[in-house]
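> Please find the sequence and the predicted model below.
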Amino acid sequence: MIKKKLIGFLLGVFSLGLVSSASATELKLATFEPPKAFIASQILGAWAERVNKCANGKVNVKMYAGGVLGSPPKQYDIVTKGVADISWTVLGYIGGQFPLSSVIELPFLTKTSRAGTTALNTLFAEGYLDKEMSGIKVIGLHSNPGYQIHMKSTKVVKPADFKGKKMRVPSKIAGTILKTLGATGVKVPAPGTSEALNKGVIDGTPFPYTAVGSFRLFDVTKYHTEVNITNATFGLIMNQDKYNGLSSQAKSCIDKYSGHAFGDWASRLIDNQNAKMKNEISKTAGHEIIIASDSVIAEYKKILAPIETDWLAEMKGKGLDGDAVLKRARQIITSIDR
């Protein structure tokens, strides 16, 4: 009798486990970053853990890192087509889809992730980005800290130093910046940057300091010039139909860690990591950080000023209010990046 009760109890526990596992809706979270890279492990992985814990078994956000579900430019498409449920994507990789969000990429606009991220999520919350974000569930937006120039073997300090250099192009605006400075732009996906530098395909790349660790650039770069020359916009986005089909509890947990809640948390971690990597680079033999002087920055700004004017004209040509977006973004950013 006791034996039968024990067997019945164990079968009951096993059955509960099956029901719990079966009732959990798996959400595929895609990223092209390597699994151990900072964004993948410390931002996306941690975000997934928060949602899973909150949902208490209703959902299981599972990360698929390293581009296994799609290449960097395909991260938006794999969500809209249902290959992935959620993805972390570089909005600048998706040609023409997010024109107003690219405001963050304009030269010298941002220094910190906090400033750019706060601006992006505020613009979204206030409706400035409604048109380009339609059709997807936006969990959160963020920017990097300002982009510095990382070179393999030659210093690039002044604008004239760019002439003839082969530089990785991370976005359309960055490509225009580099071309204006006399460099030759080369399209290389972020995960391929180290290899491209090693093989001489490129001489250098704009990147935040965080990327030196994430994409293994320590062994293939030597000079790091601090200019905050551009930035990038990122989105953690979700298939809208998938979101709509979730339980109210699961939706509530995703919403809890969306918008400013996501951006404030993520940007703090990103800025801390950026400072940590800068400090590590400065203490590593064979590396040199060059801080561009105010006069050199003024020279850059003079040469690159037409890029902002051209961006505004492009937005106007598309029937978009770029003036209002830039004004609001600058207002937010200058209140943070003083």
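Now that the structure is in, tell me what you want to look at.
> for residue 229, what are its contacts?
Residues near residue 229 by CB atoms under 8 Å, 6 or more residues apart in numbering: 107-108, 146-149, 177, 206, 300. (C-beta placed from N, C-alpha, C; glycine too.)
> Name the residues that touch stretch 128-138?
Contact partners of stretch 128-138, identified using CB under 8 Å, 6+ apart, comprise 76, 79-80, 97-101, 123-124, 235-240, 243, 258, 320-321, 324-325, 328.
> Return that stretch as PDB; C-alpha atoms alone will do.
Output of stretch 128-138 as PDB, limited to C-alpha atoms (Å, rounded to 0.1, in the frame of the first residue of the first chain):
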ATOM      1  CA  TYR A 128       7.900  60.600 -33.200                       C
ATOM      2  CA  LEU A 129       8.900  57.100 -34.400                       C
ATOM      3  CA  ASP A 130       5.400  55.600 -34.800                       C
ATOM      4  CA  LYS A 131       5.500  55.300 -38.500                       C
ATOM      5  CA  GLU A 132       8.800  53.500 -38.900                       C
ATOM      6  CA  MET A 133       8.200  51.200 -35.900                       C
ATOM      7  CA  SER A 134       4.700  50.100 -37.000                       C
ATOM      8  CA  GLY A 135       4.200  46.300 -37.500                       C
ATOM      9  CA  ILE A 136       6.600  45.300 -34.700                       C
ATOM     10  CA  LYS A 137       6.500  45.200 -31.000                       C
ATOM     11  CA  VAL A 138       9.300  47.400 -29.800                       C
END
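> Return the set of buried residues in that stretch.
Under the neighbour-count criterion of 16 or more other CB atoms under 10 Å, stretch 128-138 has 128-129, 132-133, 136-138 buried.
> can you check stretch 257-265 too?
257-260, 262-263, 265.
> give me phi/psi at residue 283?
Per-residue torsions, residue 283: phi -100, psi 0 (degrees, to the nearest 10).
> can you pull the pLDDT of it?
At residue 283, the model reports a pLDDT of 96.
> Check residue 69 too.
98.
> Equivalent analysis for residue 96, please.
According to the prediction, residue 96 has pLDDT 84.
> now residue 255
At residue 255, the model reports a pLDDT of 98.
> For it, pull up the helix or strand it's in.
helix 248-256 (DSSP states H and E).
> same check, this time on residue 274
Per DSSP H and E: residue 274 is located in helix 259-282.
> Could you do residue 49 as well?
helix 45-55.
> Run through who's touching stretch 149-156.
Residues contacting stretch 149-156 (CB under 8 Å, 6+ apart): 161-162, 165, 197, 202-207, 211-212, 217, 220-225, 227, 229, 288, 290.
> Narrow the residues you listed to those that are buried.
Buried, going by 16+ other CB under 10 Å: 161-162, 165, 197, 202-207, 211-212, 217, 220-225, 227, 229, 290, out of the contacts of stretch 149-156.
> circling back: so what does the helix holding residue 255 touch, helix or strand wise?
helix 45-55 (3 or more CB pairs under 8 Å, 6 or more residues apart in numbering; DSSP states H and E).
> Against which helices or strands is the helix it packs on packed?
Counting by 3+ CB pairs under 8 Å, 6+ apart, helix 45-55 packs on strand 59-64, helix 248-256.
> can you give me the angle the shortest one makes with helix 248-256?
When you say that, I think you mean strand 59-64. Interaxial angle of strand 59-64 relative to helix 248-256 (axes from the mean of the first three to the mean of the last three CA atoms, to 10 degrees): 50 degrees.
> What's the first helix or strand after strand 59-64?
helix 75-80.
> tell me, what residue is most central in the protein?
Taking CA atoms, centre = their mean, the centroid of the chain lies closest to residue 234, which sits 3.6 Å from it.
> Let's verify that one: helix, strand, or coil?
strand (DSSP: H, G, I helix; E, B strand; the rest coil).
> What count of nearby residues applies to the residue lying closest to it once chain neighbours are set aside?
Leaving aside its sequence neighbours, residue 234 sits nearest to residue 142 (CB to CB, 6 or more residues apart in numbering; 5.2 Å). Neighbouring residues of residue 142 were enumerated by other CB atoms under 10 Å; the total is 28.
> still on that earlier bit, each with direction, which strands does the helix or strand following the helix holding residue 274 pair with?
Using DSSP H and E, the helix or strand that directly follows helix 259-282 along the chain is strand 288-291. Using DSSP bridges, the neighbouring strands of strand 288-291 in the sheet come out as strand 223-226 (parallel).
> Mean confidence (pLDDT) on the partner strand, please.
Across strand 223-226, pLDDT averages out at 98.
> how does this protein divide into domains?
For the chain, automatic domain parsing gives the domain ranges 26-94+112-143+232-274, 148-230+285-336.
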